[in-house]
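kindly return the folded structure for what I paste below:
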Amino acid sequence: MNLYSTSLPKETVWYFIRKRIGFFLVLSGFIIIAAGSSRLTGFSLIDAFQAIPRVVSWMFSNLIPDKRAFERLPRILEKLWDTILMSVMSSVTAAVFAFGFALLGSVTTKPNNFFAVFSRATASINRNIPVAAWAMIFLLTFGQSSFTGFLALFFASFGFLTRAFIETIDETSISSVEALRAVGAGYSQQVMQAVMPSAMPQMISWVLYMIEVNIRSATLVGLLTGSGIGFMFSIYYKSLQYKSASMVILTIVVVVLLIEYISNSVRRRIL
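All right, here's what the predicted structure looks like:
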């Protein structure tokens, strides 16, 4: 559209011109930053594209599971099952604690402003510390163990779920809570009869999503804490047994896709 040949008011024309100029300035800034970063780090996009055939060839030569990798499949599945259980346990446990903190932090159900600020600050701190950082923190304290992995996943999940639950309660329960409060209902009655019936389906959806995320994160956590499927992948990878390591990756991918399918099916039924 030619802005100069239209009958639009002059203010509207200049508004669109400023929007275009702003867009091109931002785009130019991103291009300059990308080019500068590429030069500083020595990264070449042309070299990256030229390396693709070699990478694909290496993957077909080294990452297709062989007979020995299939022989190790029962042991891999055993460790994968441990990882799934740890992910589910950490997610569900975090959800229980997150629900309590969400009641304290929600505008709808907060007892007072002090508890609301405390709850939101606690959730923000936990949510903004990466799960790998949590794993390193607890690794220094408890050493390499499944408990260390559980704690790392728990605290990362707790921060995320607390924030998600607070928003869910504020969005779905405010009218019901106000109605019960108006007729003199107590705090526990407000929670049991207003918050839980209206917010629980969405909360269950968030917990299912958190289980999906934790199964992926548990692989990284296992590399650091020496537990679960991540530790087994680390052993195969460091010993250059790439075909067995690829079997680990394939089982993780299949399980993640299966869990996602189940989770989506459940969410469609409850929402």
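
give me the element the residue nearest to the spatial centre of the chain is part of.
With distances taken as C-alpha atoms, centre = their mean, Val213 lies nearest the centre of the chain, 4.8 Å away. Assigned by DSSP states H and E, Val213 belongs to helix 196-225.

and for Leu140?
Here Leu140 is assigned to helix 131-142, by DSSP H and E.

buried sites along that helix?
Val131, Trp134, Ala135, Phe138, Leu139 (16 or more other C-beta atoms under 10 Å). For the C-beta atoms, the positions are set from N, CA and C on the backbone; glycine is no exception.

the second one contacts Gly149, correct?
No - in this structure, Trp134 is not within contact of Gly149 by C-beta atoms under 8 Å, at 9.8 Å.

okay, now Thr168: neighbour count?
22 (other C-beta atoms under 10 Å).

what's near enough to touch it?
Counting by C-beta atoms under 8 Å, 6 or more residues apart in numbering, Thr168 touches Ala102, Ala199, Gln202, Met203, Trp206.

scan the residues you listed and report the most crowded one.
Going by other C-beta under 10 Å, Ala102 tops the contacts of Thr168 with 29 neighbours.

hang on, the earlier thing: hmm, who's touching the helix holding Leu140?
So helix 131-142 is contacted by Thr148, Gly149, Leu151, Ala152, Leu153, Phe155, Ala156, Ser217, Leu220, Val221, Leu224, Thr225 (C-beta under 8 Å, 6+ apart).

can you tell me which of the residues you listed are buried?
Thr148, Gly149, Leu151, Ala152, Leu153, Phe155, Ala156, Ser217, Leu220, Val221, Leu224, Thr225.

skip the chain neighbours and tell me the closest residue to the fifth one.
What that stands for is Leu153. Leaving aside its sequence neighbours, Leu153 sits nearest to Ser90 (C-beta to C-beta, 6 or more residues apart in numbering; 3.8 Å).

tell me who's in contact with the one you found.
Contacts of Ser90 by C-beta under 8 Å, 6+ apart are Phe150, Leu153, Phe154, Ser157, Asn214.

among these, which are located in helices?
Phe150, Leu153, Phe154, Ser157, Asn214 (DSSP state H).

against Val88, how distant is the residue nearest to the centre of the chain?
12 Å (C-beta to C-beta, to the nearest Å).

continuing past the strand or helix carrying Arg18, what's the next helix or strand?
Using DSSP H and E, the element containing Arg18 is helix 10-41. Following helix 10-41 in sequence order, the next helix or strand is helix 45-62 (DSSP H and E).
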